[in-house]
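Enquirer: Curious how this folds, go ahead:
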Amino acid sequence: MPRYEYRCRTCGDTFEVSRPMAQSADPADCPAGHDDTVKLLSTVAVGGTKSASAPAPGSGGGGGGGGCCGGGCCG
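Expert: Got it, this is the predicted structure:
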């Protein structure tokens, strides 16, 4: 079940709630009992290392036309 992060506007605490996606927009009460909360945007961190053999984006070293999408849909 997805977890959603909320922040209480009254006390400033941040908390998470596990609930079905169909209820993701429903309001959530603060664990301290406050009801003035806001759902926070979740971010996903993607890490990795740059390979010495991989060309930098837009450097023209990889063929395929470059651009933001490899030339398949850009003009």
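
Enquirer: what's near enough to touch P2?
Expert: P2 makes contact with S18, R19, P20, M21, S24, according to C-beta atoms under 8 Å, 6 or more residues apart in numbering. C-beta: built from backbone N, CA, C; applies to glycine.

Enquirer: now swap in P27 and tell me
Expert: For P27, the contact set (C-beta under 8 Å, 6+ apart) comprises D35, T37.

Enquirer: can I get the contacts of P2 in TSV with secondary structure and neighbour count?
Expert: Shown next, in TSV, are the contacts of P2 (DSSP: H, G, I helix; E, B strand; the rest coil; neighbours: other C-beta atoms under 10 Å):
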residue	secondary structure	neighbour count
S18	strand	8
R19	coil	14
P20	coil	9
M21	helix	9
S24	coil	12
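
Enquirer: Next, format those residues as CSV and append pLDDT and distance to M1.
Expert: Formatted as CSV, the contacts of P2 follow (pLDDT from 0 to 100; distance: C-beta to C-beta, whole Å):
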residue, pLDDT, distance to M1
S18, 94, 5
R19, 93, 7
P20, 94, 6
M21, 91, 9
S24, 86, 11
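
Enquirer: and the helix or strand hosting E16, which residues are buried?
Expert: According to DSSP states H and E, E16 maps onto strand 14-18. For strand 14-18, burial by neighbour count (16 or more other C-beta atoms under 10 Å) applies to F15, V17.

Enquirer: State the next helix or strand along the chain beyond that strand.
Expert: Next along from strand 14-18, by DSSP H and E: strand 37-39.

Enquirer: List the strands paired with that following strand, with their directions.
Expert: Strand 37-39 has the following strand partners under DSSP bridges: strand 3-8 (antiparallel).

Enquirer: Give me the buried positions along the partner strand.
Expert: Of the residues in strand 3-8, Y4, Y6, C8 count as buried by neighbour count, 16+ other C-beta under 10 Å.

Enquirer: and that strand, what's its mean pLDDT?
Expert: Average pLDDT, strand 3-8: 94.
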